[in-house]
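Asks: Pasted the sequence and its predicted model underneath.
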Amino acid sequence: MAGEQGWQATPEALCYAGEEIEEHVTTREGAISVTSHRVLVFTPDDEGSNFQPFERPNVRSISKSAGGATRFLLTSAKWLLVGFVLAVAGWLLDFEGVLGPVSVGESAGQVGVDWIGGLFSIFTTAFALLDDLLLVGGVGALVVGLALLGWYWHTRAETIRIEVAGEEAFELPGAGVPDGAVEALDRALGPPGAVDSNPSNR
């Protein structure tokens, strides 16, 4: 590890004759250097190569973004929506009151239809339970949605993305790297002597 740290701490040792370091940023797991000719990326903790050089004209941009597993965010939104709807329905709707009070009376027993009262009682109990089931189901769905949302935030990470023409974008962890440092790397990609058209950067 000492050798790897030495390389990323001294990128000028890898420069060609006449090549100079213009911007250098150290990350928690590596470093990025923009030279007069190339973009040097050091990833000593990566499973692949420890060093990736890119010809500077081929590097389109260097940016920083934060994101996580989008599928967790989308699934969380669905569970939260379903849970909210079910919880509100279970809280506000009174299915038991839909049937209203039922009184069969003594005359029903005389004609042998007293079973109707029992049937309505069963329906009343079932509708009362439906209220509770909707409320419990809604709360359960809300808990699942919040858990998925928490997992999304837990897996959310800052990434530095290097866009290279004709190749897949190269990414490395960007936690702890100031946004201004990444912006300085991106500005350094311009051709030598390029004039910045943004007055605020002058």
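Replies: Structure's in. What do you need?

Asks: in this structure, which segments are predicted with low confidence?
Replies: 1-6, 46, 68-69, 95-121, 123, 192-202 (pLDDT under 70).

Asks: Packing partners of the longest helix anywhere in the chain?
Replies: Scanning the chain for the longest helix, with DSSP state H as the assignment, gives helix 115-155. If contacts are counted by 3 or more Cβ pairs under 8 Å, 6 or more residues apart in numbering; DSSP states H and E, helix 115-155 sits against helix 70-92, helix 95-99. Where you see a C-beta, it was placed from the backbone N, CA and C, and this is true even at glycine.

Asks: Out of those, the one nearest residue 160 is which?
Replies: helix 70-92 (19.1 Å; Cβ to Cβ).

Asks: Residue 155 and residue 41, how far apart?
Replies: Look at residue 155 and residue 41: by Cβ to Cβ, to the nearest Å, they are 24 Å apart.

Asks: Looking at the two, which is more packed in?
Replies: Of the pair residue 155 and residue 41, residue 41 is the one with more neighbours under other Cβ atoms under 10 Å, namely 24 against 12.

Asks: mind checking which helix or strand that one is in?
Replies: strand 38-42 (DSSP states H and E).

Asks: Using PDB, write down the CA coordinates of the very next helix or strand once past that strand.
Replies: Using DSSP H and E, the next helix or strand after strand 38-42 towards the C-terminus is strand 51-55. Output in PDB follows, covering the C-alpha atoms of strand 51-55 (Å, rounded to 0.1, in the frame of the first residue of the first chain):
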ATOM      1  CA  PHE A  51      -3.700   3.500 -12.600                       C
ATOM      2  CA  GLN A  52      -5.800   4.700 -15.600                       C
ATOM      3  CA  PRO A  53      -4.400   7.300 -18.000                       C
ATOM      4  CA  PHE A  54      -6.700   9.100 -20.400                       C
ATOM      5  CA  GLU A  55      -5.600  11.400 -23.200                       C
END
